[in-house]
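[1] Kindly return the folded structure for what I paste below:
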Amino acid sequence: MDYQATTTQQKSVAEVGRLFCFVVLSTVGMAAMGVALLAEPLARYYRDRNLVATQQERVEQLQELRDQQEQLQANAEKPSVIEQAAINHLNYVPVNTATEIKVDLPGEWDQLQQALEAVENSKNPSQNEQLPSLISNLAQRPNAQILLLVLGAGLVVISLSCFYKKC
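    Numbering: from 1, shown residues only. Below is the predicted model:
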């Protein structure tokens, strides 16, 4: 009985080892095939995602700019606001500065200038997310994609033929 128990234990250890090799080789092979097949679509996805994020930032900046312009136009009827803007930005010297109360311009004037500069600077899309280097390299080299696909398929075939449990 001792010999039979040892033999069954060795068989179960061999089965676990076979299962482990099967799982590891087939998983690595399928992952390699998946990366090779999806390299170009993933590269396009990251480019499109960056483009959408850039355009969304630009839309938000333009909406902010529009809101600031509306606020300045709403204050256009108040002479003290226009005069203060001229004093601060055009070096205008008012005639009777002692009699009028100075009204500070809202901080939007400076923000308006910054928003205009930001809109001009944002014409070049900035990449918020970097494309993973493996994906970008594979997307640029179709020969490497084919090689990775063949190697992954080879691993799957080896795992199925050598480590698959035969009933």
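[2] any idea of the mean pLDDT for the longest helix seen in the chain?
    Determined from DSSP state H, the single longest helix within the chain is helix 2-74. Mean pLDDT, computed over helix 2-74, is 86.
[3] Which positions in the next helix or strand after it come out as buried?
    Going down the chain from helix 2-74, the next helix or strand is helix 79-90, by DSSP states H and E. Residues 81, 83-85 are the ones in helix 79-90 that count as buried (16 or more other Cβ atoms under 10 Å). Where C-beta positions appear, they are placed from N, C-alpha and C, glycine not excepted.
[4] Got phi/psi on residue 136?
    phi -70, psi -40 (degrees, to the nearest 10).
[5] Looks like it contacts residue 40 (just checking).
    No: under the criterion of Cβ atoms under 8 Å, residue 136 makes no contact with residue 40, lying 10.5 Å away.
[6] check contacts around the residue nearest to residue 32 when sequence neighbours are not counted.
    Once flanking residues are discounted, residue 32 sits nearest to residue 152: 3.1 Å by Cβ to Cβ, 6 or more residues apart in numbering. Each residue near residue 152 by Cβ atoms under 8 Å, 6 or more residues apart in numbering is listed here: 28-34, 36.
[7] Repeat that for residue 86.
    Counted by Cβ under 8 Å, 6+ apart, residue 86 has contacts residue 92.
[8] any idea how far residue 60 is from it?
    30 Å (Cβ to Cβ, to the nearest Å).
[9] With residue 83 instead?
    32 Å.
[10] Could you tell me the per-residue confidence at residue 166?
    Reading off the model, residue 166 has pLDDT 62.
[11] again, but for residue 140
    So residue 140 comes in at 86 (pLDDT).
[12] What is the burial count for it?
    12 (other Cβ atoms under 10 Å).
[13] what residues are up against it?
    By Cβ under 8 Å, 6+ apart, residue 140 has no neighbours at all.
[14] Quickly note the distance from it to residue 55.
    From residue 140 to residue 55 the distance is 25 Å (Cβ to Cβ).
[15] next one: residue 146
    35 Å.
[16] Also residue 34?
    Counting by Cβ to Cβ, the gap from residue 34 to residue 55 is 30 Å.
[17] try residue 163
    In terms of Cβ to Cβ, residue 163 sits 50 Å off from residue 55.
[18] Which one's more surrounded, these two?
    residue 163 (17 against 12).
[19] number of nearby residues for the closest residue in space to that one that isn't next to it in sequence?
    Nearest residue to residue 163, sequence neighbours excluded (Cβ to Cβ, 6+ apart): residue 22, at 3.7 Å. Using other Cβ under 10 Å, the number of residues around residue 22 comes to 17.
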